[in-house]
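Peer 1: Can you look at this prediction? I've put the sequence above it.
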Amino acid sequence: MHDERRRIEERVQRAHDQRIKPAVYAATVPFEVAAWQAPGEPVSFEEAAAARYEPFAMNTPWGPPWGTTWFRMRGEVPAEWAGRRVEAVIDLGFVGDWPGNQAEALVHLADGRPLKAVNPLNQYVPIANPANGGERIDYLVEAASNPDILKDDFSRPTPMGDKLTAGSAPLYTFRRADLAILDEEVFHLDLDLQVLRELMVHLADHEPRRHEILHALDRAMDVLDLDDVAGSAAAVREVLAPVLAKPAHASAHTVSGVGHAHIDSAWLWPIRETKRKTSRTFSNVTALADEYDDFIFACSQAQQYEWVRDHYPHVWARIQESVKKGQWAPVGGMWVEADGNLPGGEAIARQLVHGKRFFIEHFGIETKGVWLPDSFGYTAAYPQLAKLAGNDWFLTQKISWNQTNKFPHHTFWWEGIDGTRIFTHFPPVDTYNARFSGEEMDRAVRNYAEKGGGTRSLAPFGWGDGGGGPTREIMERARRLADLEGSPKVVIEHPDDFFAQARAEYPDAPVWVGELYLELHRATYTSQARTKQGNRRSEHKLREAELWATTAALHAPGYSYPYDRLDRLWKTVLLHQFHDILPGSSIAWVHREAEAEYARVAEELEALTAEAVAALGAGGTRVFNTSPFDRAEVVRTSEGALAYVEVPANGSAPLAEAAPARPVRAEGRVLDNGLVRVEVAEDGTLSSVYDLRAGREVLGDKGNLLRLHTDLPNYWDAWDIDKHYNNRYTDLLEPTSVELVSDDPLLGAIRVTRSFGKGSTITQTVTLRAGSPRIDFETDIDWHEAEKILKAAFPVDVRAAHSSAEIQFGHVQRPTHTNTSWEAARFEVSGHRWVHVGEPGYGVAVINDSTYGHDVSRTVREDGGTTTTVRLSLVRAPRIPDPEADQGRHRFTYALLPGASIEETVAEGYSLNLPLRVADAAGAPEPVVSVEGGGVTVEAVKLADDGSGDVVVRLYESGGGRAQGVLRTGFPLAGAQVTDLLERPLEDAAVEEGGVPVSLRPFQVLTLRLRRG
């Protein structure tokens, strides 16, 4: 037989694109359209309905950036269309090839009820099937003219990312607003052809099935009447029916499809627009559920549900009905799909608590898995926290984006830092926006790494980010692929069902231990530093407010615990941990608002804490310690004086009880407090840090060396640091001044000021306090660079085989060598409050109060010694998607801690991030809780969320070893229970001699509920 593949494939392609596709709609009549441009921000339906509309013609430009235009569309179904399937078809002037991040609209009935959205690949609105001739249609359509930020494929900066800079020129040209007859036979022929053709081209040339489909398509084209597609469509489908009816192979892979619409809670649009995106997509989803009984939609992010509940009650009611019918599956059990590395441990716990509790309260459903398809790597703390929240499985696909190494598994057990394992799946289709194309189905099977062990994988399908979610075309593809020779078998099912079957068939799946590091998007640990600082400080201020509110509730008559205010503030912080806000990868508008929100949160939390402290009584000055460790350090009083104080963990002490400390000697460029001696060189770096206790030099080279690197990644500017950044740099070694600014016996300080680059300045105050070996670098930067990154290096004289970086409820160890490509790919990593490097008998830590990105390397000096260098990433200057990212003022502190054990490092990490509070308060209650025994660390103290008055305490083992201790209370204790993260009892805890004995494995998290006597 002659090879005629090219002729037939091109014949089919042209007939489909030029004849069949245009014939899907058999007849059309235009709507009568009028328009009203809403001034400023979006308005309510009631305001829009009362507005004055002007006639509007097709092919007219409309929509300024971030604007809202309301269109009134009126029409009448022609009498001769009676009995046919009639739809509205609306094309707002969609652009590009991405179905999200551009214009979209929500169609309302005249009474204000949302009907369905209009999106680039979902342009229809059902009217009637069958239609009544003469029926009047009256729609009010809210259209958003959101700019296409991706228009230039992130190749150049754009002012479109903020309404303050985007201008007012119309972005779109309205193309179509019609009533139309859907020819269902042609519609189905269109899908038959697409599915068969795509299956065919992805089968190997030697497969008989490929040639069988090829010639069936050729015969079908012979039957097609190009002048009467509608009249011949049924006959064409009859020719194709036999090849569509052939069942899949018995050993065919199973693809479990579940509807999905990944909607970023903010990214290339502000939060206010996400609220509208959710209403549009969710309207589409509930409409599709009415049309397809076998459709199931998985949806995460309780925050988005709450937006719809509060702003779109009709859509909310439809969601509730779909949930009852089993077609809508709440998943994920988190408030938002948060970043996977940067939120603190307690914040991830609250993400899970607030998310799961929302779904339980509103739907009676307890979600069973963590759904994070798009976050930029995942902390090794997740398995334990997920399980403690009652989850059985974990899903992502983002690791498929790795730049260097291919992850070896798709279905596996993920083991966290404490040993907890959770069943995990990465969809081998490598997308969360599947559409069941032939290419996707081929990739899912070819890519699947568990062949011989497992037989199934998951495929989330639907258009996200304003693309409108799953479509009827995708559902029709799934139906045709349910049992089709040459293809995997597609079944639509709930993710819980998929995970149950995958685990049952593959219980001995391989194990991956430790973090799921994404070998890409490493700059998200640093970009938009003020957003990251706002998060860090909010987390710690929430801890502080909860502790002192609990103290006041227990000891101050008349004080009421601020449940609602804390709940609201937590949810604000959790929202901003979304995986494109906290990582710094959103447009300018998002980060401008985030910084303002963090300032508001800080102000309100400061007021809450002040109220709680004041409730303890006035009449004296006390020092309050929110840290879980006892502290002896220098504080500054409200009058500006310095004092050395000792304060118990989670407690307070009178300022008058200050204890003496060895004084600081500050002369010239030298600071000495009897524990360490610090020498600042003429170039402003540290020439020496001598540990007087250990009798050894700490540094192996210049300390606190500020290095300015060129930083232009290959593609994702705000997201990526590519390895070549390290090849070009300038060391900042020419200070404008180095001066002693404090020689107080309690605090010595040297200030170093530098100017560099394009008018940037940096002022650092090197501070050494009495009684502490910690050296602080209080930093004030006025930053005006572009496409640069600033790092601070501490080369220390230790031979460290690995670094230890704090993560949520513990720390991870990472090798300092680059023996394999896996280690070499970790050239930029994340950590929370500290990084520790050490050799047997001696360690050094670098601590910070707001940054996350860092790198650690090791070199051998000419003298044979080893220098291990820790470098903090301080600030970047990406220009896409925010052209002004990180410009302006930054204030933060980082510190060097010589001679530090892990336990001492943990304590100083809390200390730097939780400054002592000096306040007027006469009351001296005992700490709410205290711990006898090392390694048991208190992470949270609060009242139970149910309003019972029980005290909830979250503890963890912080050193990486076994820990035993006793939890003591500052109130009469009647009983104790071990609970899950949602404060639900798991078992009774023993109470012995007024305390609760605690035994923890390495990095174990334990939540105790304490009943007051």
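Peer 2: Received the coordinates, thanks. Not measured: the values here are computed from a predicted model.
Peer 1: Would you map the strands across the stretch 751-900 of the chain?
Peer 2: Using DSSP state E, counting those that start in this stretch, the strands of the stretch 751-900 of the chain run over 760-769, 775-783, 788-796, 802-807, 810-815, 829-830, 834-839, 842-848, 853-860, 866-876, 888-897.
Peer 1: Next one: residue 151, what pLDDT does it get?
Peer 2: In this model, residue 151 is scored at 84, pLDDT.
Peer 1: Shouldn't it be within a strand?
Peer 2: No - Residue 151 sits outside any strand when classified using DSSP: H, G, I helix; E, B strand; the rest coil, being coil.
Peer 1: How about it, nearest residue that isn't a chain neighbour?
Peer 2: residue 96 (6.5 Å; Cβ to Cβ, 6 or more residues apart in numbering). For glycine as for every other residue, the C-beta is placed from the backbone atoms N, C-alpha and C.
Peer 1: Assign a three-state SS to that neighbour, would you?
Peer 2: coil.
Peer 1: one step back: let me know which of the strands of the stretch 751-900 of the chain is the nearest to residue 40.
Peer 2: strand 888-897 (26.4 Å; Cβ to Cβ).
Peer 1: what helices or strands is that closest one leaning on?
Peer 2: Packing partners of strand 888-897 (3 or more Cβ pairs under 8 Å, 6 or more residues apart in numbering; DSSP states H and E): helix 529-555, strand 775-783, strand 842-848, strand 866-876, helix 902-913.
Peer 1: Spell out which strands sit alongside the fourth one in the sheet and which way each one runs.
Peer 2: Right, the one you point to is strand 866-876. Using DSSP bridges, strand 866-876 pairs in its sheet with strand 788-796 (antiparallel), strand 853-860 (antiparallel).
Peer 1: and it, how far out from the chain's middle?
Peer 2: Centroid separation for strand 866-876 versus its chain: 25 Å, with Cα atoms, centre = their mean, to the nearest Å.
Peer 1: angle of that strand against strand 775-783?
Peer 2: Relative orientation of strand 866-876 versus strand 775-783 (axes from the mean of the first three to the mean of the last three Cα atoms, to 10 degrees): 40 degrees.
Peer 1: try the longest one
Peer 2: Here helix 529-555 runs at an angle of 130 degrees relative to strand 775-783 (the same axes, to 10 degrees).
Peer 1: moving C-terminal of helix 529-555, what's the next helix or strand?
Peer 2: helix 563-575 (DSSP states H and E).
Peer 1: Remind me what the helix or strand that comes right after that next one packs against, helices and strands.
Peer 2: Once the chain leaves helix 563-575, the next helix or strand it forms, by DSSP H and E, is helix 588-615. Packing partners of helix 588-615 (3+ Cβ pairs under 8 Å, 6+ apart): helix 529-555, helix 563-575, strand 917-920.
Peer 1: quick one: residue 250 is in a strand?
Peer 2: No - assignment of residue 250 by three-state DSSP gives coil, placing it outside any strand.
Peer 1: Could you number the chain from 25 rather than 1 from now on?
Peer 2: Yes, from this point I'll number from 25; that puts the last item at residue 274.
Peer 1: count of residues packed around it?
Peer 2: Around residue 274 there are 5 other residues, counting by other Cβ atoms under 10 Å.
Peer 1: State the distance from it to residue 60.
Peer 2: From residue 274 across to residue 60, the span is 60 Å (Cβ to Cβ, to the nearest Å).
Peer 1: Just the CA coordinates for stretch 78-91, please, in CSV.
Peer 2: C-alpha atoms of stretch 78-91 as CSV (Å, rounded to 0.1, in the frame of the first residue of the first chain):
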residue,chain,number,x,y,z
GLU,A,78,-25.8,53.9,24.7
PRO,A,79,-26.1,51.9,21.4
PHE,A,80,-23.1,49.8,20.7
ALA,A,81,-22.0,48.3,17.4
MET,A,82,-19.9,45.2,16.7
ASN,A,83,-16.2,45.8,15.8
THR,A,84,-16.1,48.7,18.1
PRO,A,85,-13.1,49.1,20.5
TRP,A,86,-14.1,48.9,24.2
GLY,A,87,-12.6,48.5,27.6
PRO,A,88,-9.7,50.5,29.2
PRO,A,89,-7.2,48.5,31.2
TRP,A,90,-8.8,47.1,34.4
GLY,A,91,-12.1,48.6,33.4
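Peer 1: which residues sit against it?
Peer 2: 54, 57-62, 93, 95, 117, 127, 167-171, 184, 187, 190-201, 297 (Cβ atoms under 8 Å, 6 or more residues apart in numbering).
Peer 1: export the strands of the stretch 775-924 of the chain to JSON lines and tack on mean pLDDT and distance to residue 610?
Peer 2: Rendered in JSON lines, the data for the strands of the stretch 775-924 of the chain read as follows (pLDDT from 0 to 100; distance: least, Cβ to Cβ, whole Å):
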{"stretch": "strand 784-793", "mean pLDDT": "98", "distance to residue 610": "24"}
{"stretch": "strand 799-807", "mean pLDDT": "98", "distance to residue 610": "19"}
{"stretch": "strand 812-820", "mean pLDDT": "98", "distance to residue 610": "19"}
{"stretch": "strand 826-831", "mean pLDDT": "98", "distance to residue 610": "24"}
{"stretch": "strand 834-839", "mean pLDDT": "98", "distance to residue 610": "27"}
{"stretch": "strand 853-854", "mean pLDDT": "98", "distance to residue 610": "18"}
{"stretch": "strand 858-863", "mean pLDDT": "98", "distance to residue 610": "27"}
{"stretch": "strand 866-872", "mean pLDDT": "98", "distance to residue 610": "23"}
{"stretch": "strand 877-884", "mean pLDDT": "98", "distance to residue 610": "17"}
{"stretch": "strand 890-900", "mean pLDDT": "98", "distance to residue 610": "14"}
{"stretch": "strand 912-921", "mean pLDDT": "98", "distance to residue 610": "17"}
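Peer 1: Appreciated, that's everything.
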